[in-house]
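Asks: test case, fold it:
(one chain, ligands or ions: 1)
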Amino acid sequence: MSDTGSTITQPPSAKPPSHVMIRLDGVSKRYAGQTGYAVSPLSMDIHRGEFVVFVGPSGCGKTTTLRMINRLVEPSSGRIWINGEDVTHADPDQLRRHIGYVIQQIGLIPHMTVSQNIGLVPKLLGWDKSQIASRVDELLGLVGLDPARYRDRYPKQLSGGQQQRVGVARALAADPPIMLMDEPFGAIDPITRDRLQEEFLKLQERIRKTIVFVTHDIDEALKLGDRIAIFGEGSTLAQFATPLEILTNPANDYVRSFIGEGAEIRRLGLINVGDVCARGTKAPERAVVRASSDTSVYAVLERMLATGADRALIGDEERPLTLRDLLLVAARPRQGQS
Ligand SMILES: Nc1ncnc2c1ncn2[C@@H]1O[C@H](COP(=O)(O)OP(=O)(O)OP(=O)(O)O)[C@@H](O)[C@H]1O
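Replies: Below is the predicted model of the structure:
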């Protein structure tokens, strides 16, 4: 099930098959004056309609890789294929008109209205005025902004979340098959960010773009990505797989530490109860977890989830606790209940 092995050890070479929208073939970057690689040779296939998230610590090469896809950064080696075409040497301006790009700083042009900002690329592509106006209104509706209220505002008359929605609308304006998004929700407060993530997932269900999305935040990656590319030290690819696969089978200790605590509990967020009913459950015989008295409830639950145990024995005295005992730790009377 994992794509980890195939994408890292067998660099693709020839023209990709039709289900591949973006192919990076041994692509690397060394910036002028730098000794090491900003991105060491990297090969990966991103499928049509797939939402791929690049995640990793600061400086590991996520943004550089993203920007090589739309040639804002010229690769030092390798080839880039988009939609079956080798675009390594294509005209970058032409290329960018067919690739949406959303960045954290939003990049709206301050002296242009919302509608002019969104209509920028369609105008460059020579669309006529009425076509642009109706596309602007359609996109504002799509990102949840009332066109009559917002189309004539300037960026500074919008909240950060609204500006980011306009940024997304602008990237979608010419209906590009690909969207590149560099920490688009990074500078937004956690509540608005959560809402934008939800909205964006719903939007993606409708528009099915091929998306490459950069973030520092593993939880954002797990929530949004069909597959996640975890970048490691020295700009290598530590794992490229689905969120469930990464949480179930982290490729190495680096990935494990990057995920942080609670992989088992977080995994449950990716599995629906309906699927569990369909699969049926079969508890392992007499599985039990042993833990010292100073182990947290969280850690014991994590281990019970991993092993299927429904009992824990605590301390040298092996005091028994059932799964239900542990669940009750979290239970409190709700308002209106005694
Ligand atoms: N224009 C540049 N000139 C020289 N070095 C650069 C340039 N841009 C990036 N780098 C270096 O390349 C490496 C990768 O940078 P990049 O911005 O791609 O990382 P990142 O993973 O996106 O980081 P962050 O999460 O902090 O944005 C870093 O060591 C960075 O200092």
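Asks: when you work out contacts or count neighbours from here on, use the C-alpha atoms and nothing else.
Replies: Will do.
Asks: burial count for the closest residue to the ligand within the stretch 201-338 of the chain?
Replies: Nearest residue of the stretch 201-338 of the chain to the ligand (Cα to the nearest ligand atom) works out as residue 216 at 6.0 Å. Residue 216 has 16 neighbours, counted by other Cα atoms under 10 Å.
Asks: what do you get for residue 118?
Replies: The burial count for residue 118: 30, using other Cα under 10 Å.
Asks: thought it was touching residue 170?
Replies: Yes: contact criterion Cα atoms under 8 Å: residue 118 and residue 170 qualify, at 4.1 Å.
Asks: which residues does the residue of the stretch 201-338 of the chain closest to the ligand contact?
Replies: Counting by Cα atoms under 8 Å, 6 or more residues apart in numbering, residue 216 touches 55-58, 183.
Asks: show me those residues that map onto strands.
Replies: Mapping the contacts of residue 216 onto strands (DSSP state E) picks out residue 55.
Asks: which strands or helices does the longest helix along the chain pack on?
Replies: If you go by DSSP state H, the chain has its longest helix at helix 190-207. On a contact count with 3 or more Cα pairs under 8 Å, 6 or more residues apart in numbering; DSSP states H and E, helix 190-207 meets helix 160-172.
Asks: let's see the helix it packs on as PDB, backbone CA atoms only.
Replies: Listed next in PDB are the C-alpha coordinates belonging to helix 160-172 (Å, rounded to 0.1, in the frame of the first residue of the first chain):
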ATOM      1  CA  GLY A 160      -7.200  38.100   6.900                       C
ATOM      2  CA  GLY A 161      -9.500  35.100   6.300                       C
ATOM      3  CA  GLN A 162     -11.500  37.000   3.700                       C
ATOM      4  CA  GLN A 163      -8.300  38.100   1.900                       C
ATOM      5  CA  GLN A 164      -7.100  34.500   1.900                       C
ATOM      6  CA  ARG A 165     -10.500  33.400   0.300                       C
ATOM      7  CA  VAL A 166      -9.900  36.000  -2.400                       C
ATOM      8  CA  GLY A 167      -6.400  34.600  -2.800                       C
ATOM      9  CA  VAL A 168      -7.900  31.200  -3.400                       C
ATOM     10  CA  ALA A 169     -10.500  32.600  -5.800                       C
ATOM     11  CA  ARG A 170      -7.800  34.400  -7.700                       C
ATOM     12  CA  ALA A 171      -5.700  31.200  -8.100                       C
ATOM     13  CA  LEU A 172      -8.800  29.400  -9.400                       C
END
